[in-house]
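Asks: structure here, sequence nowhere to be found:
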């Protein structure tokens, strides 16, 4: 399951960040990704084409090959036959859109025009065969403040042989470079990066828990596609076949959707990802997924539930009782449940407040989910796992596969497994905590031991507890794992600290409803407590 870091096996982390910093001064750090990632994508597509072309050339010279020929015209025909490339999910790239062409012209005064023209050409080439990729590479260099020298320097740095698929054929080099940059750019961008990035150790935990071996995988807030990439890595590490998974995603922001499409294309995955707000513009109304792996935006307010139709099929009950304008957390939950197949499982990152919120439109949904056996497991996460938000988070595992009829999982209706990982993880830096391989193995093994028909699960004080439906109802449907595993701190008056914070937050919201900018910032900071 573990994967070597880029730094560990081919040692070019410094070169990668040096390449991004070539843009310093002319481009804000939170815009680096808009320039560097499309270049990596073009380089990847170009190198795949060159590698296939070299393979075909060698075959025409191999006397034992059916491609063997000494006729120059026949050789040219083979090398220009689009089907010979498409059979490998590769495309013939026009010369002016190849990486070698950009590299040869890196010192030209008009290199910005050359790069934008290359993007146009590659975009048009891909769109012929994949209309859904049209617009993936917009013209951005000419209108930027970057100098020709900076753009040429970026090309030269990315031309380092260490960053070449041809030089490192077994290492998925450009896919990993892309993944490295996504994480670094998220760190640079701060809170605004939440729309495109979920830290890798969290995604790995989610994937290892629900085990997406085959079937339809859906992410209704797919960002840059990290959930899908980690699902692929899970398959590869367990000897699975990526042809047995189908990928579906929706993303609200056009720029982020382009990042996702590039990321998936780099991995040679087939996919259907669409633009739109999943809450109000569900682009896959009929999709029933076997696995949903998602990190939706936390605590979205003013999301306009009034725009939902009264009979929206996703809702568990009357709109006025099962939605709230104050938070979209449980509208997300209802959306995910509506997209699960009969045997489907969802792994959802959610703000901790969702576990205890007493807001009518949220608590009604939570009670309904508990009473109707929708929730399989709740995992409380430690702090500082996210680069982009200080809001405490948890994982909800939802499942339609709780009746024990599939022969693999035991019947577990009227039960919910609670896991508290608040003391787990290792500080990678002063601001960032990560789950280690051992942490991920432990939590996944705990869930599997509880869920699987041949599992041997036992409660562990301070860590995990198998609660009955009656026990959860007795706790007024609160889902905080600490209440059940024995780690929740109770203040002297018997009221949970988290409940006090929720009540204080409500008071502040009422007080500052018409407040000025400073007051709003106080509220925003309060959210991080």
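Replies: That came through, no problem. Nothing here was measured: the structure is a model prediction, and the numbers come from that model.
Asks: residues of stretch 455-467 that come out buried?
Replies: Neighbour-count burial for stretch 455-467 flags 457, 463, 464, 465, 466, 467 (criterion: 16 or more other CB atoms under 10 Å). The way it works is simple: take the backbone N, C-alpha and C, and place the C-beta from them, glycine included.
Asks: just grab the bridge partners of the last one for me.
Replies: Translated: residue 467. residue 416 (DSSP bridges).
Asks: quick one: contacts for it?
Replies: Residue 467 makes contacts with 415, 416, 417, 418, 484, as judged by CB atoms under 8 Å, 6 or more residues apart in numbering.
Asks: how far does stretch 207-219 sit from its chain's centre?
Replies: Averaged C-alpha coordinates place stretch 207-219 at 13 Å from its chain's average position (CA atoms, centre = their mean, to the nearest Å).
Asks: correction: stretch 116-126
Replies: Distance, centroid of stretch 116-126 to centroid of chain: 26 Å (CA atoms, centre = their mean).
Asks: can you name the residues in contact with whichever strand or helix holds residue 232?
Replies: Taking DSSP states H and E as the definition, one finds residue 232 inside helix 226-237. Contacting residues not belonging to helix 226-237 are listed as 1, 3, 175, 179, 182, 197-198, 200, 203-204, 206-208, 211-213, 217, 219, 222, 240-242, 244-245, 247, 249, 263-264, 267, 269, 271, 291, 293-295 [CB under 8 Å, 6+ apart].
Asks: okay, which residue is most central for this protein?
Replies: Taking CA atoms, centre = their mean, the centroid of the chain lies closest to residue 226, which sits 3.2 Å from it.
Asks: relative orientation of the longest strand that the chain contains and helix 226-237 in degrees?
Replies: Longest strand in the chain, counting residues (DSSP state E): strand 340-351. Put simply, strand 340-351 runs at 120 degrees to helix 226-237, going by axes from the mean of the first three to the mean of the last three CA atoms, to 10 degrees.
Asks: may I see the buried residues of strand 340-351?
Replies: Quick answer for strand 340-351 (16+ other CB under 10 Å): 340, 341, 343, 344, 345, 346, 347, 348, 349, 350, 351.
Asks: same check on stretch 351-366?
Replies: 351-357, 359, 361-366.
Asks: then stretch 469-482?
Replies: 472, 475, 477, 478, 479, 480, 481, 482.
Asks: then the fourth one would be within a helix, right?
Replies: No - under the criterion used here (DSSP: H, G, I helix; E, B strand; the rest coil), residue 478 is coil, not part of a helix.
Asks: so it makes contact with residue 356?
Replies: Yes - between residue 478 and residue 356 there is a contact at 4.9 Å, judged by CB atoms under 8 Å.
Asks: show me where pLDDT drops low in the stretch 51-200 of the chain?
Replies: Low-confidence segments of the stretch 51-200 of the chain, defined by pLDDT under 70: 168-176, 178-179, 183, 185-197.
Asks: for the spatially closest residue to residue 417 that is not a sequence neighbour, report the pLDDT, please.
Replies: Nearest residue to residue 417, sequence neighbours excluded (CB to CB, 6 or more residues apart in numbering): residue 377, at 4.3 Å. Listed pLDDT for residue 377 reads 98.
Asks: which elements pack onto the helix or strand containing residue 377?
Replies: Here residue 377 sits within strand 375-380, counting by DSSP H and E. Packed against strand 375-380 by the contact rule (3 or more CB pairs under 8 Å, 6 or more residues apart in numbering; DSSP states H and E) you find helix 200-210, strand 393-399, strand 415-420, helix 437-451, helix 481-485.
Asks: run the last query once more with 10 Å
Replies: Here strand 375-380 touches helix 200-210, strand 340-351, strand 393-399, strand 415-420, helix 437-451, strand 464-468, helix 469-474, helix 481-485, going by 3 or more CB pairs under 10 Å, 6 or more residues apart in numbering; DSSP states H and E.
Asks: got the angle between the second one and strand 375-380?
Replies: Between the axes of strand 340-351 and strand 375-380, defined by the same axes, to 10 degrees, the angle is 20 degrees.
Asks: who are the packing partners of strand 340-351?
Replies: Using 3+ CB pairs under 10 Å, 6+ apart: strand 340-351 touches helix 200-210, strand 215-219, strand 289-294, helix 329-338, strand 375-380, strand 393-399.
Asks: can you give the distance of it from its chain's centre?
Replies: 15 Å.
Asks: and that strand, which strands flank it?
Replies: strand 289-294 (parallel), strand 393-399 (antiparallel).
Asks: how about those, which one is nearest residue 423?
Replies: Of all those, strand 393-399 sits nearest to residue 423, with 14.5 Å by CB to CB.
Asks: follow-up on the earlier one: may I see the buried residues of stretch 455-467 organised as CSV, with distance to residue 428 and pLDDT added?
Replies: Below are the buried residues of stretch 455-467 laid out as CSV (distance: CB to CB, whole Å; pLDDT from 0 to 100):
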residue, distance to residue 428, pLDDT
457, 30, 96
463, 23, 96
464, 25, 97
465, 29, 97
466, 32, 98
467, 33, 97
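Asks: excluding sequence neighbours, find me the nearest residue to residue 17.
Replies: Nearest one to residue 17, counting by CB to CB, 6+ apart, is residue 184 at 6.5 Å.
Asks: do residue 53 as well
Replies: residue 79 (6.1 Å).
Asks: could you measure from the one you found over to residue 72?
Replies: Noted for residue 79: a distance of 11 Å to residue 72, by CB to CB, to the nearest Å.
Asks: which helix is the longest one in this protein?
Replies: Ranked by number of residues, the top helix in the chain under DSSP state H is helix 32-60.
Asks: mind listing what's buried in that helix?
Replies: Within helix 32-60, the residues that count as buried by 16+ other CB under 10 Å are 32-50, 52-53, 56, 59-60.
Asks: after it, heading C-terminal, what element do we hit next?
Replies: Next helix or strand after helix 32-60 toward the C-terminus (DSSP H and E): helix 72-79.
Asks: quick one: distance of that following helix to the chain centre.
Replies: 43 Å.
Asks: tell me the helices and strands packed up against the next helix or strand after it.
Replies: Next in sequence after helix 72-79, counting helices and strands by DSSP H and E, comes helix 82-86. Under the contact criterion of 3+ CB pairs under 10 Å, 6+ apart, helix 82-86 touches helix 32-60, helix 72-79, helix 111-129.
Asks: quick one: which of the ones you listed is nearest residue 399?
Replies: So among the helices and strands packed on helix 82-86, helix 32-60 is nearest, using CB to CB, at 35.0 Å.
Asks: packing partners of the closest one?
Replies: Using 3+ CB pairs under 10 Å, 6+ apart: helix 32-60 touches helix 13-21, helix 72-79, helix 82-86, helix 99-104, helix 111-129, helix 148-158, helix 173-189, helix 254-266.
Asks: now it and helix 148-158, what's the angle there?
Replies: Using the same axes, to 10 degrees: helix 32-60 against helix 148-158 is 50 degrees.
Asks: out of the helices and strands packed on helix 82-86, nearest to residue 306?
Replies: So among these, helix 32-60 is nearest, using CB to CB, at 34.5 Å.
Asks: which other residues reach stretch 109-117?
Replies: 35, 38-39, 42, 96-97, 101-102, 104-106, 108, 137-144, 146-155 (CB atoms under 10 Å, 6 or more residues apart in numbering).
Asks: so who does residue 428 touch?
Replies: Each residue near residue 428 by CB under 10 Å, 6+ apart is listed here: 199, 201, 384, 434, 436.
Asks: what about 8 Å?
Replies: Contacts of residue 428 (CB under 8 Å, 6+ apart): residue 434.
Asks: with that, I have no additional questions.
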